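> Pasting a predicted model and its sequence here:
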Amino acid sequence: MLKDYLSIRPEIQSALSAGKPVVALESTILSHGMPYPQNLDFGRRVEKIIRDEGAAPATIAILDGKLKVGLNDAELERMCRAEDVGKVSRRDVPVYLATGKAGATTVATTMLISELTGIRVFATGGIGGVHRGAETTMDISADLQELAHTSVTVVSAGVKSILDIGLTLEYLETMGVPVLGMRTKDFPAFYCRESGFKVDYALRDEEEAARIMKAKWDVGMKGGMIVANPIPEEYAMDSKYMNGIIAQAVAEAKEKGIRGKMITPFLLARIVELTGGESLASNIQLAFNNARCASRIAVAYSRL
C-alpha cells in the first residue's frame, strides 16, 4: 500500500488538503549538483523564496524506506552532506525503498512522487534530455518519458547545456509534451538565455500557464508540460564561451569512460572548475528564478 511508503510533512499535507499551492523541489541538485555547505544555504533559501511567493515548498527525497515529501532541517542537512546518498531515477525507487538507502530524487522521480501526492508544479534547474552522441550510446534521460506520462508542470531554465538540445526538443514533440516559454519565444539553454531553438508557445504570464495546465488535464490529456524560464540577463553566460567549456568537459568524460547516471554530475562539476565557479553562481540564480516562477504558477492554478 502506498501509505506504507509515503511520508508527507504536516505543512505540505495541510496545504494539499486545503487546495493551497505547493511547489515540489528535487534533491539531486542538493546531493549531486552543488558542494556543501553552499547546497544547504541554497536549499534553505529556495524554500524561503517559495514561501514568500505564497506557496508551500516540498523538497522531495527517499529516506529510511519512505518517499519523503517535505524535509525538516535535519533531513535537509543530511541530503546536503550527501554521505552515502545515491542518485535515484524511476528504476531505482523500489530498491531504495526496500533497502532503506538514502536517495536524492532526479527530475523523473520528483515528478513521479509529486503526482502520487497531488502536487502539480515542480521547480528545477534544467531537465535531462538526449545526450550528445545518443545516436550511438542511446543515452536518453528518463526525465523525457516521465514528462510524457506524468501530469506535473516542470519549470526549468530549458535543458542542461551539456545535452543535444535539438534532439531533446524533437523527442519531446514526438511524446506530445508542450514546451512553453515564459515571456519568450526562444528556448533557453540553462546558463544561457537562448539555444538557437524556439518554444512551442510564448506565455504572457504565469496565469496563462496555469490556464493551459487546467485545460490540458480537464480534457483528459495525461502527461506534463515544460515551462522554459530563461535565466535572468544579469546572470546569463555567453553561449560561445560556454559551448567551448562544455565541449572540453564532454571530451574529458568520454576519455575517462564516464557514462550513465554519473555523466551529468561529472560534467556539471567539471564545468564549475573550468569556469572558476561562475557557472555554479549562474546555476543557483536560475534555480531561484525558477522557484519564483513555479510558485506564481502554483498560486494561479490553485485559484482556478
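Cool, got the structure.
> For this structure, which segments are assigned as strands?
Along the chain, counting by DSSP state E, strands occupy 6-8, 22-25, 56-63, 66-69, 85-88, 102-105, 121-123, 153-156, 179-182, 201-203, 225-228.
> Adding mean neighbour count and mean pLDDT, write these out as CSV.
Placement of C-beta: from N, CA and C, glycine included. Shown next, in CSV, are those (neighbours: other CB atoms under 10 Å; pLDDT from 0 to 100):
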stretch, mean neighbour count, mean pLDDT
strand 6-8, 18, 97
strand 22-25, 29, 98
strand 56-63, 26, 98
strand 66-69, 22, 98
strand 85-88, 22, 96
strand 102-105, 26, 98
strand 121-123, 30, 98
strand 153-156, 28, 98
strand 179-182, 22, 98
strand 201-203, 17, 98
strand 225-228, 25, 98
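> these two touch, right, residue 301 and residue 121?
Yes - assessed by CB atoms under 8 Å, residue 301 is found in contact with residue 121 at 6.7 Å.
> Mind listing the shared neighbours of these two?
residue 21 (CB atoms under 8 Å, 6 or more residues apart in numbering).
> where are the low-confidence patches of this structure?
132-137, 261 (pLDDT under 70).
> Please report how far the most centrally placed residue in it lies from residue 259.
What sits nearest the mean C-alpha location of the chain, by CA atoms, centre = their mean, is residue 124, with 3.0 Å. Taking CB to CB, to the nearest Å as the measure, residue 124 and residue 259 are separated by 22 Å.
> again with residue 85
Residue 85 is 21 Å from residue 259, by CB to CB.
> same deal with residue 164?
From residue 164 to residue 259 the distance is 15 Å (CB to CB).
> who has more neighbours, those two?
Between residue 164 and residue 259, counting by other CB atoms under 10 Å, residue 164 is the more crowded of the two (19 against 13).
> The more buried one and residue 139 touch, don't they?
No - in this structure, residue 164 is not within contact of residue 139 by CB under 8 Å, at 9.8 Å.
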